[in-house]
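[1] sharing a model that was predicted from the sequence below.
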Amino acid sequence: MSIKQQITVGFTLLVATLLLLFSLYIYRTYEAYRESLMQSRLQRRALAAQLYLSNQTEYRRTVYLTLPEQKLMLYTPGNQRLFASSGPDDYVVTEKILQKARKQEVYFSYNTPHWGDPKEGVALSFRHAGKQYVAIVTAYDLAGRHTNDNLRFILLMGNVLSLLVIGVAGFFFARRAMKPFDGLIHQLDTNTVNDFSFRLRNSDKPDESGYLAQSFNQMLGRLEQLANSQENFVAYASHEIRTPLTVVKGILETSRSYDHTLDDARQSIETALVRLEGAIDLANALLQLAEVEGLKATRLQEDINVVDTILDTVTYFNEKYPDQDIEVQLTDEFTEQSSRIRVVGNVTLLRTVLINILDNACKYSGFAPVLLTVRYEAHTVLIDIQDQGIGIPDDQVADVFMPMMRADNVGNVKGFGLGLTLAKRIMDMHQGELRIVRNQPKGTSVTLLLPALPFA
């Protein structure tokens, strides 16, 4: 069932329920009014029986205004019928109702074979000359019942006609309301949806279809960006892995054919090993990126000692690059707040971020001094890493976070374009942020922002 059909059916059922409840309310209200009016009429005619005991001549003169099939019966204190008026004698009076009527007024109804609806009656008692008499009056409310039937017919036909009109109107209303979505579906059904450059065309009205089209186009934009990044990633990764393997193959084939001495063979093997190490490093970086992509949030629940992690990373670089100068500074505010805040995440992953950022700072600055500063601002720990290198062109800052993408000015500096991608993904997993700013006149400033939580 389509949404238009669901709206039409649901709207019709809702209105039908409301009409039914309203019709029942009207019908029951009129029925209660009819019963009350009929009971009042029967009461007046039952009380007129007192006139029969006091003045029969006057009684006979006033009883010509009777109800349809009216029957008046008067009973003595001994439950003997004293008087019965003309009319069908179709109600059997029992001693039980006479005894009950002597205590309180009784309103009753009973079925007869001549009418489809019940006849009604009232039994009440009154005192005359010190004796208690019971008067019973029965009649058929012909006018009230006829009006009741007409009202029932009017309500039934009115509800049926109203539901037909409402169903048709609801269908056209739903069709009109869903027309913008039909337009979007028609665009998606055409053959123009053949790549991620496709965008939905929609009016500028601020309605749900416009929001849907805008959100869908934004998603397509992100998918297009991801597809282009993936395409570049596959092309570059394939080239970077294929090139060293091809070179290694060529070196080994040349060595097999032309190296006749052990020294020549050893030199060829060493050259091949250097190329293989590059391919292995690239494969490891790709595997590490894939591992981070599939990492679950449960791995990010441990407390991180930021200072220990930084010092451990700096020690690693002192061993890797003995001549590299990395200066670490802790601001006074961070030192004061460090005992009252905690950073939650994964130590190994944060260390990977620092290694990638510091490795870039060392390589692209020609191993000039690097400054690492730890600050605290507004529930956030900030790690600033400033180098004196070649910097990143302003128009390429956003692109360096894509896999296998490197700036145009890297020159002959070795790299695969995965370090910043990996660092950005890890910072996103920690609900943090990675910012890159080009310093003037040279160098790059990278800032890592980590949420800081107060100790419970």
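    Structure received. Residues are numbered from 1 along each chain as shown.
[2] residue 124: neighbour count?
    Neighbourhood size, residue 124 [other CB atoms under 10 Å]: 20. All C-beta spots, glycine's among them, are computed from the backbone N, C-alpha and C.
[3] no wait, residue 89
    The burial count for residue 89: 11, using other CB under 10 Å.
[4] ok, it touching residue 71?
    Yes - between residue 89 and residue 71 there is a contact under CB atoms under 8 Å: 6.5 Å.
[5] check what pLDDT residue 147 gets.
    For residue 147, the model assigns a pLDDT of 91.
[6] sorry, that was for residue 291
    The model's pLDDT for residue 291 equals 62.
[7] helix or strand: which one has residue 184?
    helix 179-189 (DSSP states H and E).
[8] pLDDT on that helix, on average?
    71.
[9] what stretches of the stretch 51-200 of the chain score poorly on pLDDT?
    Within the stretch 51-200 of the chain, the stretches falling below the threshold (pLDDT under 70) are 61-65, 189-197.
[10] pull the CA atoms of the helix holding residue 184 into PDB?
    The C-alpha coordinates for helix 179-189 follow below in PDB (Å, rounded to 0.1, in the frame of the first residue of the first chain):
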ATOM      1  CA  LYS A 179       3.300  15.400  -5.500                       C
ATOM      2  CA  PRO A 180       6.700  16.800  -4.600                       C
ATOM      3  CA  PHE A 181       7.900  13.300  -3.500                       C
ATOM      4  CA  ASP A 182       6.500  11.800  -6.700                       C
ATOM      5  CA  GLY A 183       8.700  14.300  -8.600                       C
ATOM      6  CA  LEU A 184      11.700  13.200  -6.600                       C
ATOM      7  CA  ILE A 185      10.900   9.500  -7.300                       C
ATOM      8  CA  HIS A 186      10.500  10.200 -11.000                       C
ATOM      9  CA  GLN A 187      13.900  11.800 -11.100                       C
ATOM     10  CA  LEU A 188      15.400   8.800  -9.300                       C
ATOM     11  CA  ASP A 189      13.700   6.400 -11.800                       C
END
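[11] for that helix, packing partners?
    In terms of contacts (3 or more CB pairs under 8 Å, 6 or more residues apart in numbering; DSSP states H and E), helix 179-189 is packed against helix 208-258.
[12] quick one, strands of this protein?
    Under the criterion DSSP state E, the chain contains strands at 71-75, 81-84, 106-110, 119-128, 131-139, 302-304, 326-330, 341-345, 370-377, 380-386, 433-438, 444-451, 453-454.
[13] ok, residues contacting the third one?
    Taking CB atoms under 8 Å, 6 or more residues apart in numbering as the criterion, the residues outside strand 106-110 that touch it are 39, 42, 90-91, 97, 100, 118-124, 138.
[14] reformat the strands of the chain as TSV; add distance to residue 15.
    Shown next, in TSV, are these (distance: least, CB to CB, whole Å):
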stretch	distance to residue 15
strand 71-75	47
strand 81-84	54
strand 106-110	35
strand 119-128	36
strand 131-139	40
strand 302-304	59
strand 326-330	71
strand 341-345	55
strand 370-377	59
strand 380-386	56
strand 433-438	53
strand 444-451	52
strand 453-454	54
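[15] and those strands: which comes nearest residue 183?
    With distances scored as CB to CB, the stretch of these nearest to residue 183 is strand 433-438 (39.4 Å).
[16] partners of the closest one in the sheet?
    Sheet pairing of strand 433-438 (DSSP bridges) gives strand 444-451 (antiparallel).
[17] what is the mean pLDDT for the strand it pairs with?
    Strand 444-451 comes out at a mean pLDDT of 89.
[18] what's the angle between it and strand 370-377?
    Between strand 444-451 and strand 370-377, the angle comes out at 30 degrees (axes from the mean of the first three to the mean of the last three CA atoms, to 10 degrees).
[19] strand 444-451: how far from the chain's middle?
    35 Å (CA atoms, centre = their mean, to the nearest Å).
[20] so what touches it?
    Looking at what lies outside strand 444-451 - CB under 8 Å, 6+ apart - the contacts are 304, 306, 343-345, 350, 353-354, 357, 360-361, 364, 379-387, 389, 391-392, 427, 430-439.
[21] picking up where we left off before, of the contacts of strand 106-110, closest to residue 422?
    Nearest member of the contacts of strand 106-110 to residue 422, counting by CB to CB, is residue 118, at 88.2 Å.
[22] for the closest one, which non-adjacent residue is spatially closest?
    Ranked by CB to CB, 6 or more residues apart in numbering and with sequence neighbours excluded, the top spatial neighbour of residue 118 is residue 109, at 4.1 Å.
[23] now do the one you found: how many residues are near it, please.
    13.
[24] likewise for the one 3 residues further on?
    With neighbours defined by other CB under 10 Å, the count for residue 112 comes to 15.
[25] equivalent analysis for the one 5 residues further on, please.
    One way to gauge burial is a neighbour count; for residue 117, by other CB under 10 Å, it gives 16.
[26] I'd say residue 436 and residue 392 touch.
    Yes - Residue 436 is in contact with residue 392 according to CB under 8 Å; the separation is 6.3 Å.
[27] which one's more surrounded, the two?
    residue 392 (23 against 17).
[28] quick check: pLDDT value at residue 28.
    For residue 28, pLDDT reads 93.
[29] partner residues bridging the residue nearest to residue 391 when sequence neighbours are not counted?
    Sequence neighbours aside, residue 438 is the residue nearest to residue 391 in space, at 4.5 Å (criterion: CB to CB, 6+ apart). Counting by DSSP bridges, residue 438 is bridged to residue 444.
[30] give me the distance between residue 86 and residue 136.
    Distance check for residue 86 against residue 136: by CB to CB, to the nearest Å, it reads 15 Å.
[31] for residue 218, which of the strands of the chain is the nearest?
    strand 433-438 (20.9 Å).
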